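[1] model this:
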Amino acid sequence: MATTYPDPVRTDADTAVNVSDGNQSDNIADIYAQFATYPFETDEVFLEGLRGIAGSGAVDGLGDDERAYVIGRAKAFYFTKTQGKEVTWEEYVRWSGGQGSAGGPSSLPAGVAAPPPPPSSTTPAPPSDPKELSLAEISALIESGQTHLIPNNEVIPGGLSEEPPSETYAPPRKKPWEDATTTATTE
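    Okay, here's the model as predicted:
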């Protein structure tokens, strides 16, 4: 007999965020209105999280639009977790006509210190997670001479040494049974 599972429970959050299909309901408008008027600037828990984001360097070197995007996503994440109503920053911006939140998403609230200015040289973007290759893919890359495409494959600077390996001068280590036979025969 086959096991049947009940249908997953759907909540308001499941139906509240899909505004991209044009079916905006009053429920969605209410949720986004609550999001727009939420007091992020006075919510100490949110501000502490925002300080953590600013202190981690996640917004260092970003332009105003990119910083607004990071802060907006943090607001949407926090609102979703605390209020139980799913909001994504992208859908909120689309719903609001691109105006963003009332407080201006690019400005940091008063309790959050601005991140230090970026260093004078441009900071390289962090590498994306390399794709894990199968053995067959690695073999194909090696055979085709494209070893630079293998993740974590580093070139040894200066190449390998051309000198022959050194000779060992240490005597080979005796095995346990060789030790026992030599001590037994000497006694």
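
[2] Quick one: neighbours of S96, just the number.
    Residues lying near S96 (other C-beta atoms under 10 Å) number 15. Backbone N, C-alpha and C define where each C-beta goes, glycine included.

[3] now swap in A58 and tell me
    13.

[4] Share the number of residues neighbouring Y32, please.
    Close neighbours of Y32, defined as other C-beta under 10 Å, add up to 21.

[5] list the contacts for it?
    Contacts for Y32 (C-beta atoms under 8 Å, 6 or more residues apart in numbering) come out as V87, Y92, W95, S96.

[6] Only the buried subset of those, as a PyMOL command please.
    In PyMOL syntax, the buried subset of those is picked out as below (16 or more other C-beta atoms under 10 Å):
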select buried, resi 87+92+95
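
[7] Helices - which of the contacts of Y32 land there?
    If you go by DSSP state H, those have Y92, W95 in helices.

[8] wait, which of the contacts of Y32 is closest to D179?
    Taking C-beta to C-beta as the measure, D179 lies nearest V87 of the contacts of Y32, at 73.4 Å.

[9] thinking again about what came up before, can you lay out the contacts of Y32 as CSV showing pLDDT?
    Below are the contacts of Y32 laid out as CSV (pLDDT from 0 to 100):
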residue, pLDDT
V87, 86
Y92, 87
W95, 84
S96, 83
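
[10] Thanks again, I'm all set now.
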